[in-house]
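A.B. asks: how would this look folded up:
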Amino acid sequence: MSNLAVTLAEIEQAARRIDGRVLNTPLVPSASLSERCGVLVGLKLEHHQTTGSFKLRGATNAVLSLTPEERARGVVAASTGNHGRALAHAARTEGSIATICMSRLVPDNKVSEIRRLGANVRIVGKSQDEAQLEVDRLVAEDGLVMVAPFDNRAVVAGQGTLGLEILEAMPDVATVLVPLSGGGLAAGVAAAVKGRSPKTRVIGLTMERGAAMKASLDAGGPVAVEEVASLADSLGGGIGLDNAVTFEMCRALLDDVILLSEDEIAVGMRHAYSQEREVIEGAGAVGIAALLSRRLGGLDRPVAVILSGRNVDMDLHRRVINGGVDPLAEAAA
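C.D. replies: As a prediction, the model looks like this:
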């Protein structure tokens, strides 16, 4: 693991840097999932994080890693919502200004919250790739500093602090289930967990609709995928055809990647609400969904499941909880 773009030492340094600026979120046992799986299942409640998702860790570490001159110029990023919210919060906290570029697929509740945090918002196109083009323009013409949502070493190191906290709370964890999109969270958590506990499995979980990292891993290199609506909208978007950090880390460190259907994700959201008393997005429910669908083998020792985030449209959440056959179709009607 010596050739990884982000090392355990960088993650430990990030933990010291962001200490006091982000929450050390609780890891609690799930009685219902432990009984169903026959092993201890712990839920890492990262949706309780300030701004509602793990993204604040990476964004804060990235902003604090900039020079004062760079922070004064302002930061910019493309986002499906949660990174934008986190970067807006981190930038404002450190006296900088964020500009967040998003596609029209990003839910309105996430857009409005980013505006509330004082960021400049640009809505561009129908995909992350189109939003990224606006980011590139703002960097080239206005001198803003890009803080990419996942393919950025400081961001990955910040997300990896979540893995350190899991090991501190559950030292004998055998399997860690992590939501997978562009790979910033999965790469960081895997580097932290395997750096300290090499035999612990780290499994990426994502949706069937537009799983860019899974398609790229299968192809042996980054590939473009069509971005489509999903209950797990935070996991949408490509990984970047010029991906420099997360693709190789995910390829080297993830033990497996599992795809979840929309029905399975909805079941995960309902279980989180009815059994765990937690309101989470579809992206945050993929770990529970994988356990409930019995997609995982070899579960004979403790399992940690990362739940993140909580920034779900509450009308959509209500439809899912009430058993809507196709909540996304109902929303579009």
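
A.B. asks: looking at the chain, which helix or strand is least sure?
C.D. replies: Taking mean pLDDT, DSSP states H and E as the measure, helix 327-332 is the helix or strand of the chain with the lowest mean score, a mean of 59.

A.B. asks: And the contacts of stretch 287-302?
C.D. replies: The list of residues contacting stretch 287-302 from outside it, by Cβ atoms under 8 Å, 6 or more residues apart in numbering, reads 33, 36-42, 170, 172-175, 177-179, 201, 203, 205, 258, 260, 264-265, 267-268, 271-272, 276, 303, 305-307. (C-beta placed from N, C-alpha, C; glycine too.)

A.B. asks: now that stretch, how far from the centre of its chain.
C.D. replies: Average the C-alpha atoms of stretch 287-302, do the same for its chain, and the two points are 20 Å apart (Cα atoms, centre = their mean, to the nearest Å).

A.B. asks: Likewise for stretch 267-287?
C.D. replies: Taking Cα atoms, centre = their mean, one finds stretch 267-287 lying 15 Å from the centre of the chain it belongs to.

A.B. asks: Show the end-to-end separation of it, please.
C.D. replies: With Cα to Cα, to the nearest Å as the measure, the ends of stretch 267-287 fall 11 Å from one another.

A.B. asks: Residue 139: which element?
C.D. replies: Residue 139 is part of helix 128-142, with elements assigned from DSSP states H and E.

A.B. asks: What segments of the stretch 201-333 of the chain are strands?
C.D. replies: Under the criterion DSSP state E, counting those that start in this stretch, the stretch 201-333 of the chain contains strands at 201-207, 256-260, 303-307.

A.B. asks: Would you mind finding the most buried of these?
C.D. replies: strand 303-307 (a mean of 27; mean count of other Cβ atoms under 10 Å).

A.B. asks: What lies in contact with that strand?
C.D. replies: Strand 303-307 has contacts (Cβ under 8 Å, 6+ apart) with 27, 30, 33, 37, 39-47, 54, 162, 166, 170, 173-179, 185, 189, 272, 278, 280, 284-285, 287-288, 291.

A.B. asks: just how off-centre is that strand within its chain?
C.D. replies: Strand 303-307 has its average C-alpha position 13 Å from the chain's average C-alpha position, going by Cα atoms, centre = their mean.

A.B. asks: okay, the angle between it and strand 201-207?
C.D. replies: Put simply, strand 303-307 runs at 40 degrees to strand 201-207, going by axes from the mean of the first three to the mean of the last three Cα atoms, to 10 degrees.

A.B. asks: partners of strand 303-307, with directions?
C.D. replies: In the sheet containing strand 303-307, the strands it pairs with under DSSP bridges are strand 41-45 (parallel), strand 175-179 (parallel).

A.B. asks: Using JSON lines, lay out the ones you listed together with mean neighbour count, mean pLDDT and distance to residue 250.
C.D. replies: Output for the strands paired with strand 303-307, formatted as JSON lines (neighbours: other Cβ atoms under 10 Å; pLDDT from 0 to 100; distance: least, Cβ to Cβ, whole Å):
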{"stretch": "strand 41-45", "mean neighbour count": "23", "mean pLDDT": "98", "distance to residue 250": "19"}
{"stretch": "strand 175-179", "mean neighbour count": "28", "mean pLDDT": "98", "distance to residue 250": "10"}
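
A.B. asks: so which of those strands gets nearest residue 96?
C.D. replies: strand 175-179 (27.5 Å; Cβ to Cβ).

A.B. asks: List the buried residues of stretch 111-120.
C.D. replies: By neighbour count on 16 or more other Cβ atoms under 10 Å, the buried set for stretch 111-120 is 111, 113, 114, 117, 119, 120.
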